[in-house]
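Trainee: for reference, the sequence and a predicted model appear below.
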2 protein chains.
Amino acid sequence: MITGFNHVSIVVPDLAAAMARLEQVYHLKAGEPRINAEQGVRLVWIDLGNARLELMEPTRPDSPVAKFLERNPHGGIHHFCLNVDGVDATLGALAQCGVRALGGGSAQRNVHGERIAFLQPKDFFGALVELEEHGDAAH
Amino acid sequence: MITGFNHVSIVVPDLAAAMARLEQVYHLKAGEPRINAEQGVRLVWIDLGNARLELMEPTRPDSPVAKFLERNPHGGIHHFCLNVDGVDATLGALAQCGVRALGGGSAQRNVHGERIAFLQPKDFFGALVELEEHGDAAH
């Protein structure tokens, strides 16, 4: 079950430059960069109080995020993430309605160890949607 | 000053079909459709507790949203919206850092009468960002 909004994620060509610009121009301070080796991304989160922004850059040329940058060299909105009370139960219920998850349909872990999954964009109006498991509605 | 996250907005090819699917498959109920005649869009909001989703469809062929659908026939993420304590003051401060607002830089009103503005995507890592004025951090 979807319980709230978690974050919107933006791919940027240069994470360090983006972090500096976000702080100097927009007064938004990012946390420490983390690496998701499986996805081939380096990312930071910016806490907005009720939700977060995520900035990502690729760590290798075959990262899906590198391919996104080839199509969008200035960067752009990559996905958004909704909280769910349980990833497996939610994926199971969605599968019964024909909604497909990427990567074979099993949950992964994000850089903070939280259980996540991504839905097939065609099954959510062309938007790439991440689901993140939380026991409550807070992010 | 940016005070919080407001919504992420998705363009869909058929708003009524999208609302029905969102409720049946994802158990997310949209509010009543509203029309923004200036932007040429019909839109609904889905309250997620801490933030909202927005779904939009074009109401006329020359709507910017119609052009988005030509490039993305299944739909897709169009923009996201951040809360600010004052649109004019925020646009003024951002302009001093070279950040441009779309449409000449003056605030518009959304379908609920709230004061809004859109930033030039190149000035926010390729992402189209809406600013919406609220006296406090709540959406």
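Mentor: Nice, thanks for sending it over.
Trainee: can you pull out the low-pLDDT segments for chain A?
Mentor: Where chain A drops to pLDDT under 70, the residues are A:136-139.
Trainee: quick one, helices of it?
Mentor: Secondary structure of chain A (DSSP state H): helices at A:15-26, A:64-71, A:87-96.
Trainee: could you redo those as TSV and give each row distance to residue B:118 and mean neighbour count?
Mentor: Where C-beta positions appear, they are placed from N, C-alpha and C, glycine not excepted. Below are these laid out as TSV (distance: least, C-beta to C-beta, whole Å; neighbours: other C-beta atoms under 10 Å in any protein chain shown):
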stretch	distance to residue B:118	mean neighbour count
helix A:15-26	15	16
helix A:64-71	22	15
helix A:87-96	32	16
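Trainee: nearest to chain B, of those helices?
Mentor: helix A:15-26 (4.4 Å; C-beta to the nearest C-beta).
Trainee: and that closest one with helix B:87-96, angle?
Mentor: 130 degrees (axes from the mean of the first three to the mean of the last three C-alpha atoms, to 10 degrees).
Trainee: same for helix A:15-26, what does it pack against?
Mentor: For helix A:15-26, the packing partners by 3 or more C-beta pairs under 8 Å, 6 or more residues apart in numbering or on different chains; DSSP states H and E come out as strand A:41-47, strand A:52-58.
Trainee: burial-wise, tell me which of those comes out on top.
Mentor: Using mean count of other C-beta atoms under 10 Å in any protein chain shown, the stretch among the helices and strands packed on helix A:15-26 with the largest mean neighbour count is strand A:52-58, at a mean of 23.
Trainee: is chain B contacted by it?
Mentor: Yes - counting by C-beta under 8 Å from any C-beta of the partner chain, chain B is contacted by strand A:52-58 at A:52-53, A:55.
Trainee: so for residue A:135, which of the helices of chain A sits nearest?
Mentor: helix A:87-96 (11.7 Å; C-beta to C-beta).
Trainee: chain center to that closest one: distance?
Mentor: 19 Å (C-alpha atoms, centre = their mean, to the nearest Å).
Trainee: other residues contacting that helix?
Mentor: Applying C-beta atoms under 8 Å, 6 or more residues apart in numbering or on different chains, the external contacts of helix A:87-96 come out as A:1-2, A:84, A:101, A:105, A:107, A:115-117, A:119, A:123, A:131-133, B:25-26.
Trainee: so how do I select the buried members of those in PyMOL?
Mentor: In PyMOL, a selection of the buried entries from those looks like this (16 or more other C-beta atoms under 10 Å in any protein chain shown):
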select buried, (chain A and resi 2+84+101+105+107+115+116+117+119+123+131+132+133) or (chain B and resi 25+26)
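Trainee: and for the closest residue to residue A:18 other than its chain neighbours, the neighbour number?
Mentor: Distance criterion C-beta to C-beta, 6 or more residues apart in numbering or on different chains; nearest residue to residue A:18, sequence neighbours excluded, is residue A:12 at 4.0 Å. Residues contacting residue A:12 under the criterion other C-beta atoms under 10 Å in any protein chain shown number 27.
Trainee: isn't residue A:12 right next to residue A:53, touching?
Mentor: No - judged on C-beta atoms under 8 Å, residue A:12 makes no contact with residue A:53 at a distance of 10.9 Å.
Trainee: thinking again about what came up before, of the helices and strands packed on helix A:15-26, which approaches residue B:7 most closely?
Mentor: Closest among the helices and strands packed on helix A:15-26, using C-beta to C-beta: strand A:52-58, at 13.4 Å.
Trainee: I'd like to know which elements that closest one is packed against.
Mentor: strand A:2-11, helix A:15-26, strand A:41-47, helix A:64-71.
Trainee: the last one - contacts with which helices or strands?
Mentor: In terms of contacts (3+ C-beta pairs under 8 Å, 6+ apart), helix A:64-71 is packed against strand A:2-11, strand A:52-58, strand A:76-84.
Trainee: between those strands, which one is closest to residue B:62.
Mentor: Of these, nearest to residue B:62 by C-beta to C-beta is strand A:76-84, at 23.7 Å.
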